[in-house]
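In: model the structure of this input:
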Amino acid sequence: MASQTVGKIDSVRPPIVQIATPRKRPYPFWLGGVAASIAASITHPLDLTKVRLQASGDKRMIASIQKTVQTAGIRGLFDGISGTLFRQMTYSLCRFWAYDESKKIVHKGPGPMPGWKMALAGTMAGGIAGVVGNPGEILMVRMQGDFAKPPEKRLNYKHCFDGLFKMIRDEGVSSLARGLAPNVFRSVLMNASQLASYDSFKIQLLQTGKFEENINLHFQAP
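Out: I've put the predicted structure just below:
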């Protein structure tokens, strides 16, 4: 009787439904370019001051900032901001996209990607981004340093697209490739080390079981 009773209870017990936890979708690559642009906008006054200290006779940072504000107002601290944003939305956006695509090419097997493959993917991404971002690099440097020149020698680019048009019109298409070799070399070294090390540390932290894919992990990985 007892076994029959247990059998009846089991027969009416509802089946266990396993709910599959949805996999987190990876962040789109363009968010990297947007984040880099926001960060560059915040630090632009300091970058602008650095360039002007290097190009002019100013010796103190605070004095250089005061000089800029006195002559052009607070807005003067953001001179050339369009060139900075153009550089970030070409170089930074491209390097994140190229890194994701390069990882798919260099690692197709099961298991986590080894560090040397991450470095290889970073090298490929750095090379591509260095080429794509070179015109933006030139425009950014020119627009930031323009105010430090004598008035008769200034380029007076209204914005990044005006500068791009004038470069091609006055100096030819080849002007967009000035400084390409050192720029690409720097980009390769930076991305091979920065992106690969970030990914590698993130995987190691996840494997400890003490971290999840969240903002805390992203702060710890660098």
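In: residue contacts, the most centrally placed residue in the chain?
Out: Nearest to the geometric centre of the chain sits Ser92, at 3.8 Å (CA atoms, centre = their mean). Contact analysis of Ser92 by CB atoms under 8 Å, 6 or more residues apart in numbering lists 32-33, 36-37, 129, 133. (Glycine included, C-beta is placed from N, CA and C.)
In: most surrounded residue in these?
Out: Among the contacts of Ser92, Ala129 has the most neighbours (other CB atoms under 10 Å), with 26 neighbours.
In: what about the closest residue to Gly115 other than its chain neighbours, distance to Thr49?
Out: Among residues not flanking Gly115 along the chain, Ser200 sits closest, at 5.0 Å (CB to CB, 6 or more residues apart in numbering). Ser200 is 35 Å from Thr49, where distance means CB to CB, to the nearest Å.
In: give me the more crowded residue out of these two.
Out: Using other CB under 10 Å, the more surrounded residue of Ser200 and Thr49 is Thr49, with 20 against 17.
In: quick check: closest non-adjacent residue to Gly80.
Out: Met143 (3.1 Å).
In: quick one on the thing from earlier: now the two most distant members of the contacts of Ser92.
Out: Greatest spatial distance in the contacts of Ser92: Ser37 and Ala129, 14.6 Å, computed using CB to CB.
In: the spatially closest residue to Ala121 that is not a sequence neighbour sits in which helix or strand?
Out: Leaving aside its chain neighbours, Ala121 sits nearest to Ser102 (3.8 Å; criterion: CB to CB, 6+ apart). Using DSSP states H and E, Ser102 sits in helix 93-106.
In: and that helix, what does it pack onto?
Out: Under the contact definition 3 or more CB pairs under 8 Å, 6 or more residues apart in numbering; DSSP states H and E, helix 93-106 sits against helix 30-55, helix 115-132, helix 180-207.
In: thanks a lot, catch you later.
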